[in-house]
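Asker: Sharing a sequence plus its predicted fold:
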Amino acid sequence: MTTTGPSRAAVTEALLKCPAPLYERMRRQGPLVWSRPDRTWVVTGYELARLVLRDPRFSLPGPPPGSQWSDDGSHAGFFQSMLLACEGERHARLRRFLGRLFTPRAIRARTVRIEAAMAALLDEAEQRSSLDGVAELAARLPVSVIGDLVGIPDADRDEVSELCRVISRGGGVASGKPAEDDVDRALTHVDALGRLVDRWTRTPELLVPDSVLALADEARDTPDALTRTEVLANVFSLYIAGHDTSRNMLSGLLLRLATHPGLLAGLADGTVDAQAEVDLLLLGESPLTFTVRVAREECELASRRIQPGDRIRVMLGAANHELLTSGDAKDGNTGVSFGEGRHVCLGAHLARTEGRVMLDAVSRRWSGLRLADDPAWTPHFLHRGLDRLPLEIAWR
């Protein structure tokens, strides 16, 4: 009698549901291993991940050579103008410019708007006994929050969501190396997004106060001014970074509420701290599972020789798993979920605030929560998150 093992799809689904066994197997292999099929070094150790993310000898990979995003391509400069993709002086300048919207004081001032957006979503769903936690809550709150931060008018947010998703696929941001058709579609969608940004910036009444676009408009004709390409590229990159990881985090929190009896009641009576729950989820269920760096010079990592141009995949989820299982994680420590060093996520505090606001809001409005059906995971390990989360809700 012949037996066969589980299918590739079944293995992928199991890893998406619970990657901890994979992370544990990686940990036992050591903090740095060579992946022959991918010709890539894989970092799984927590301290080594921190070192690579902080060390200037390792940089972001940049656009694929010869692509339309590279220096001699039709859209040269777009990729290199994104805060999450550039290096050097441009990165430092963009981070200084955009950073003033992400200070703790700025996020505290924005929290009232986040609370109002969450309340509106719950008002819309009130008294319905079932809903999809992803489509109706986890995906919609970040659209409101990041739309407000970037300065996207309400009427255009659905269109921008679709444009950015297509651009993400064609730039390899969503799922690795893109297909040629996806690249072609992405290029036309960059142009369409550019036309929208031009319209918003030409129309003062469309500018959202305290937003990226308002800040860029104020800086026009000053030494701090951003180029049109820099404005466009960061409208896109901030939207994608602020939406996808927050959606995955928020849906993960809802899944945790639905599958951990007593957690909702604990949040409601104050015996469970909402911010601590957010940080625990980020540490144990990293929404972004890995990031990539390229060695700029010959060096040594974990007693292995690294050559210039070697690719290094930093497994954020595996590094966090090591920290979590070691017992060394302290309150408020989200590990490397948001990166470290010069490329640490500007929106980390904003994302954590979204999570806390959502937990506080639902614990006030819901008295019970459980799964109505099995959740479905998106088929991408890089941006690990739920595609569907059927919930049954009891309202207070």
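Answerer: On my side now, so go ahead.
Asker: Now do the same for residue 245: helix, strand or coil?
Answerer: Assigned with DSSP: H, G, I helix; E, B strand; the rest coil, residue 245 falls in the helix class.
Asker: quick one, what contacts the residue lying closest to it once chain neighbours are set aside?
Answerer: With sequence-adjacent residues excluded and distances taken as CB to CB, 6 or more residues apart in numbering, residue 245 is closest to residue 287, at 4.6 Å. Any C-beta I mention is one placed from the backbone N, CA and C, and that applies to glycine too. Residues in contact with residue 287 (CB atoms under 8 Å, 6 or more residues apart in numbering) are 244, 245, 246, 248, 249, 252, 337, 383, 384, 385.
Asker: which residues does residue 132 form a beta bridge with?
Answerer: residue 390 (DSSP bridges).
Asker: residues contacting the most centrally placed residue in the chain?
Answerer: Nearest to the mean C-alpha position of the chain, counting by CA atoms, centre = their mean, stands residue 245 at 2.7 Å. Shown in contact with residue 245 (CB under 8 Å, 6+ apart): 287, 288, 345, 351, 383.
Asker: let's see 10 Å
Answerer: 142, 282, 286-288, 337-338, 345, 347-348, 351, 383-385 (CB atoms under 10 Å, 6 or more residues apart in numbering).
Asker: Now flag whichever of the residues you listed is closest to residue 13.
Answerer: residue 384 (11.8 Å; CB to CB).
Asker: can you count the residues close to the closest residue to the closest one other than its chain neighbours?
Answerer: Distances taken as CB to CB, 6+ apart place residue 289 nearest to residue 384, at 5.2 Å, with adjacent residues excluded. Neighbour count of residue 289, defined by other CB atoms under 10 Å: 23.
Asker: ok, now residue 328?
Answerer: Neighbour tally, residue 328, other CB under 10 Å: 10.
Asker: measure the residue lying closest to residue 285 once chain neighbours are set aside to residue 61 for me?
Answerer: Spatially, and ignoring its direct neighbours in sequence, residue 285 is nearest to residue 252 (4.9 Å; CB to CB, 6+ apart). To residue 61, residue 252 is 27 Å away according to CB to CB, to the nearest Å.
Asker: which residues in the stretch 251-396 of the chain form helices?
Answerer: 263-269, 274-284, 316-326, 348-365 (DSSP state H, counting those that start in this stretch).
Asker: re the thing from before, surely the residue nearest to residue 285 meets residue 378?
Answerer: No - judged on CB atoms under 10 Å, residue 252 makes no contact with residue 378 at a distance of 12.0 Å.
Asker: who touches both of those two?
Answerer: 384, 385, 386.
Asker: I'd say residue 208 and residue 157 touch.
Answerer: No - the criterion here is CB under 10 Å, and residue 208 misses it with residue 157 at 11.0 Å.
Asker: Need the residues touching each of these two.
Answerer: With CB under 10 Å, 6+ apart as the test, residue 208 and residue 157 both reach 147, 148, 150.
Asker: ok, of the residues you listed, which one's closest to residue 275?
Answerer: Closest to residue 275, out of all of the shared contacts of residue 208 and residue 157 and judged by CB to CB, is residue 148, at 21.4 Å.
Asker: so that closest one, which of the three states?
Answerer: Applying three-state DSSP: residue 148 is helix.
Asker: What is the burial count for it?
Answerer: 19.
Asker: can you tell me which helix or strand residue 33 belongs to?
Answerer: According to DSSP states H and E, residue 33 maps onto strand 32-35.
Asker: Which positions in that strand come out as buried?
Answerer: 32, 33 (16 or more other CB atoms under 10 Å).
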